[in-house]
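*Asks:* pasting the sequence and the predicted model now:
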Protein chains: 2
Amino acid sequence: MTTIGIVEDNDVLRNSLEMLLQNNGNYQVVFSLHDARTILEQTEIHMPRLILMDIDMPGINGIEAVKLVKKDFPAVDIIMFTVFEDDEKIFRSVMAGASGYLLKKIAPSRLLEALADFVQGGAPMTGSIATRVLEMFRKQTKQTTANFNLSVKELEILTALTEGKSFKVIAAERFLSAETIKSHVKNIYVKLHVHSKSAAVAKAFKEKII
Amino acid sequence: MTTIGIVEDNDVLRNSLEMLLQNNGNYQVVFSLHDARTILEQTEIHMPRLILMDIDMPGINGIEAVKLVKKDFPAVDIIMFTVFEDDEKIFRSVMAGASGYLLKKIAPSRLLEALADFVQGGAPMTGSIATRVLEMFRKQTKQTTANFNLSVKELEILTALTEGKSFKVIAAERFLSAETIKSHVKNIYVKLHVHSKSAAVAKAFKEKII
DNA sequence: AATTAAATCCCCCGAACAGGGGATTATCAC
DNA sequence: GTGATAATCCCCTGTTCGGGGGATTTAATT
C-alpha cells in the first residue's frame, strides 16, 4: 500500500483522482487538499510516500509548496500534476525538488502506470516532458568549442587570475619573475581579444575556458 | 512505417531486435550494423527516422557515433540502447545529442512501447534514467543562496565589471562620475570580501551572483 | 526628529596594471 | 639550418586601481 497525498484546487478533478487511486487498491489517499496552505501540517501528520501536486492554485502555488515540503520533509517525493508544459514551469519545479512531472491530459491508466513506475524507483514523466528536460540540460551544459589556442602555461595563468591573484603572487608561486607573468598575460589578452584582467577573467568564465 | 537503423555488436541481440521490430509491422529496419564504422554512409543512403545505438562497440564507440551522425544528419534521432546506467555515460550521450536512453534489460514489449512513444514526440527513457537526468540537471544548475546583500545598483555595477568595463566607461554609460562608481565598487569589495576587480568578477561567476 | 542606508561626488597616494618596445634560450617543424 | 613558437626576463610610460580619508542629498525607518 502506497500512501499518497493530493493537492488540487479543482474539486471535480481531485475527487476523480481520489477515486481512481483508492479503487486501484495499491494506494491509500491520506489527504486530499483544495490548496497548499495546510500542506506542512498534513504532511507531518500523515507522512505520505508521495504527493500529487497541482501548480496553479489559490494561495500558495504548487512550486512554492514543493520547496516548503522538501525543506522540512526531504524524503517525501512530489510529483507535479499540471496542465502547464512550458519550460519555465518544468524548470522551476525540478529545481524546487519535484521528482516527477505529469500532464493532466494523461489517460487514467497511464497515470496509474506512471505512479507504479515511480514507486519502483523511476521518475514519472511523459515523453514530451522528458524531451524538454533533455534539451534544457543540453543547453545549460554547453561546452566551449573554441579554446582560443591558449598554451598550457597560459591556461594555468588564466586560472590563477580567476582566483584573484596579482601578477606578483602568481610569479612568486612558481618562482618566476613578475615580468614573465606579465608577458604571458599580454599574450592571453591578445588571444582572448580583451584588454584587462577582469575582462579576461569574465571571458574565461563566459566561454567556459576554465 | 517508421524506418529504423540498428547498431549493435552482439549478433544474437541484434538479430533479436531486428526480428522484434520487423514482426511488429510498424517498423522497417533499413540497416543493421555490427559496428559504427560505416554509420555515416548507411545513414546517408537510408536516412532512417531513428537509430538504436549500442555504446560499447569495437572501433568507434556509440557516443562518438552519435556525434558523427548528429553533425551531418541532425534530423536523424538516436536512441541509446545499452547496459550502462552510470551518470557519466548518460551525461555524455545526452550531450552528444542522443534523443533517448533505454536499458537493455527492458522487456521487449516495453521497448516497443517506448519506441512508439518516441515516434509520437517524446523522449524514451526508463524511469531510473529520467531520475538520474533530473538529479544531474539539478546539480548543474544549483543557484546561489547568498546574494551577499548587494544593492540593486551594486549588482548592476558588478554586472558591468563582468563585461570587462573600466570605472570610467561604467560611469560614462550612466552619466555619473567615475568616483561614484569607485565608491560603489569599494562597497562591493567589502561585501564580497575581495580586493580587486578580477577577484570580484571571479566571485560573481563562481557564486552565480550574476 | 533622529537615524540609517543608499547614492552621489571629491582628494590623495602608492601600487598595480596595460601597452609599447626589446632580449635570450630552447624546442620543434619543415 | 632556418623559421616559428613558447617561455623566460627587462625597461619605460601613462593609466587605472585600491585603500584611506572625507562630504552631501534623498528616502526610508524608527
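*Replies:* Sure, I can see it.

*Asks:* got the residues of chain A near DNA strand C?
*Replies:* Selection of chain A residues close to DNA strand C by C-beta under 7 Å from any atom of the strand yields A:S166, A:F167, A:K168, A:K182, A:S183, A:V185, A:K186, A:Y189, A:H195, A:S196, A:K197, A:S198. Just so you know, the C-beta spots here come from the backbone N, C-alpha and C atoms, and that holds for glycine as well.

*Asks:* switch to 6 Å and redo it
*Replies:* A:S166, A:F167, A:K168, A:S183, A:V185, A:Y189, A:H195, A:S196, A:K197 (C-beta under 6 Å from any atom of the strand).

*Asks:* closest one to chain B out of these, please.
*Replies:* Ranked by distance to chain B (C-beta to the nearest C-beta), the residues of chain A next to DNA strand C are led by A:K197 at 4.2 Å.

*Asks:* what's near enough to touch the closest residue to A:G97 other than its chain neighbours?
*Replies:* Residue nearest to A:G97 in three dimensions, not counting chain neighbours: A:K70, with 3.8 Å by C-beta to C-beta, 6 or more residues apart in numbering or on different chains. By C-beta atoms under 8 Å, 6 or more residues apart in numbering or on different chains, the contact set of A:K70 is A:V76, A:I78, A:A96, A:G97.

*Asks:* who in chain A is up against DNA strand D?
*Replies:* Residues of chain A lying near DNA strand D (C-beta under 6 Å from any atom of the strand): A:S151, A:V152, A:K153, A:E154, A:L176, A:S177, A:E179, A:T180, A:S183, A:H184.

*Asks:* buried subset of the residues you listed?
*Replies:* Buried members of those, counted by 16 or more other C-beta atoms under 10 Å in any protein chain shown: A:E154, A:H184.

*Asks:* of the residues of chain A next to DNA strand D, which belong to helices?
*Replies:* Judged by DSSP state H, those include A:V152, A:K153, A:E154, A:E179, A:T180, A:S183, A:H184 as members of helices.

*Asks:* nearest to DNA strand C, of those residues?
*Replies:* Of all those, A:S183 has the smallest distance to DNA strand C: 5.6 Å, by C-beta to the nearest atom of the strand.

*Asks:* can you put the residues of chain A next to DNA strand D in a markdown table and add pLDDT?
*Replies:* Formatted as a markdown table, the residues of chain A next to DNA strand D follow (pLDDT from 0 to 100):
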| residue | pLDDT |
| --- | --- |
| A:S151 | 85 |
| A:V152 | 86 |
| A:K153 | 89 |
| A:E154 | 90 |
| A:L176 | 92 |
| A:S177 | 93 |
| A:E179 | 94 |
| A:T180 | 94 |
| A:S183 | 93 |
| A:H184 | 93 |
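
*Asks:* so which of the residues of chain A next to DNA strand D reach chain B?
*Replies:* Among the residues of chain A next to DNA strand D, proximity to chain B is found for none (C-beta under 8 Å from any C-beta of the partner chain).

*Asks:* tell me the one of the residues of chain A next to DNA strand D nearest B:V30?
*Replies:* Checking the residues of chain A next to DNA strand D against B:V30 with C-beta to C-beta, the nearest one is A:V152 at 46.0 Å.
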